[in-house]
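Asks: What shape does this take:
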Amino acid sequence: MYGGKLHEIRKKLNLSQEEIAAQTNTSYRAYTSYERGDRKPSFEFLENLVIKFNVNLNWLIANTGEPFETKQELQQNFKNEILSEVKEMLIKEGVLK
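Replies: Next up, the predicted model:
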């Protein structure tokens with residue numbers, strides 16, 4: 001499932017397997033196994049891929065949206081996550097219902 005998408009991302013970024021592995025703090029061997037579909041990517045690799053290259057995790061996992069997010073979309077997603085966490089915390093504290 002991930003292999004074809006990782007290959008597509010890498011090609012769109014115009015990077016070699018060695019380069020994308022190095023830039024995501026992943027061994028070349030691990031990356032090539034992800035791209036071949038022999039192994040599922042680690043959480044750390046996916047996190048680095050999303051942060052470093054603005055990859056849309058929803059596209060990668062659920063095949064929704066575009067492969068890359070804009071900086072504005074990333075900021076909005078981060079803001080929504082923070083607001084959700086604050087709301088949960090306020091509900092636990094009894095400040096909100």
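Asks: tally of neighbours for Leu15?
Replies: Leu15 has 16 neighbours, counted by other Cβ atoms under 10 Å. Any C-beta I mention is one placed from the backbone N, CA and C, and that applies to glycine too.
Asks: Buried ones in stretch 8-17, by neighbour count?
Replies: By 16 or more other Cβ atoms under 10 Å, the buried positions in stretch 8-17 come out as Ile9, Arg10, Leu13, Leu15.
Asks: Does anything pack onto the one helix or strand the first one maps to? Which helices or strands?
Replies: Here Ile9 is covered by helix 2-12, with elements defined by DSSP states H and E. When contacts are defined as 3 or more Cβ pairs under 8 Å, 6 or more residues apart in numbering; DSSP states H and E, helix 2-12 packs onto helix 17-23, helix 28-36, helix 57-62.
Asks: now the following helix or strand past the second one against helix 2-12, angle please.
Replies: The reference is to helix 28-36. The helix or strand immediately downstream of helix 28-36 is helix 43-53, counting by DSSP H and E. Put simply, helix 43-53 runs at 30 degrees to helix 2-12, going by axes from the mean of the first three to the mean of the last three Cα atoms, to 10 degrees.
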